[in-house]
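# I'd like to go over a predicted model; first the sequence, then the structure.
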Amino acid sequence: MRKLLWAMLLAMAGMSPAWAVSRFEIHGNEVYDTQTRLTWARCSVGQEWKEGHCWGTIGRFSFQEAQQQAGKGWRLPTKDELFSLVDSGRSTFPTLDTTAFPDMDELFPWYWSSTSNGDAIAWYVDFKDGYTSGFISDSSPFSVRLVRDGK
């Protein structure tokens, strides 16, 4: 009970201790989000989960290529789903839970959503600062994190 109280106080101050209660349930190479009820791939497309880390090179894709990375129940998240991973208590890279989603590339923190924003532009999330925008060329080379519904 005391740890929970401290975690709540630290969260209100914008801090997140490692022992704080997490909304994520980690299961090997997948993460279940208890708030959104979505299951996320821990690694970016192009990486492989082994020995407790995401190994390999994170792929970079155009918006159209990103849409083709889904399969076997996995899909590209909507802009709102992807933005739900942003931890508002973090203001610098990475702006998401690094225990749940390790080994991201600080030089390429931009991730495509499945949400188009008209002709030749689409929505993405920048995990360097937690920003999202729908005004980027759909030919930009961004990364992909896949999601699926449920556990």
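Alright, I've got the coordinates.
# In the protein, where is pLDDT below threshold?
Confidence mapping of the chain against pLDDT under 70 gives the ranges 1-21.
# can you do 50?
In the prediction, the chain carries residues with pLDDT under 50 at positions 1-20.
# Quick check: the nearest residue to F127 once chain neighbours are set aside vs G118, distance?
Setting aside the residues directly before and after it, F127 is nearest to P109 in space (Cβ to Cβ, 6 or more residues apart in numbering), at 4.3 Å. Where you see a C-beta, it was placed from the backbone N, CA and C, and this is true even at glycine. According to Cβ to Cβ, to the nearest Å, P109 and G118 sit 24 Å apart.
# out of those two, which sits in the busier spot?
Under the neighbour definition other Cβ atoms under 10 Å, P109 and G118 were set side by side, and P109 has more, 21 against 9.
# give me phi/psi at that one?
According to degrees, to the nearest 10, the main-chain angles of P109 amount to phi -90, psi 10.
# What separation do you get for it and L85?
With distances defined as Cβ to Cβ, the gap from P109 to L85 amounts to 12 Å.
# list residues touching both of these two?
Common contact partners of P109 and L85 (Cβ atoms under 8 Å, 6 or more residues apart in numbering): F127.
# after the host helix or strand of S113 comes which helix or strand?
Using DSSP states H and E, S113 sits in strand 110-116. Note on strand 110-116: by DSSP H and E, the next helix or strand toward the C-terminus is strand 121-126.
# Please enumerate the helices of the chain.
Per DSSP state H, the chain has helices spanning 2-12, 63-67, 79-83. These are given in chain order.
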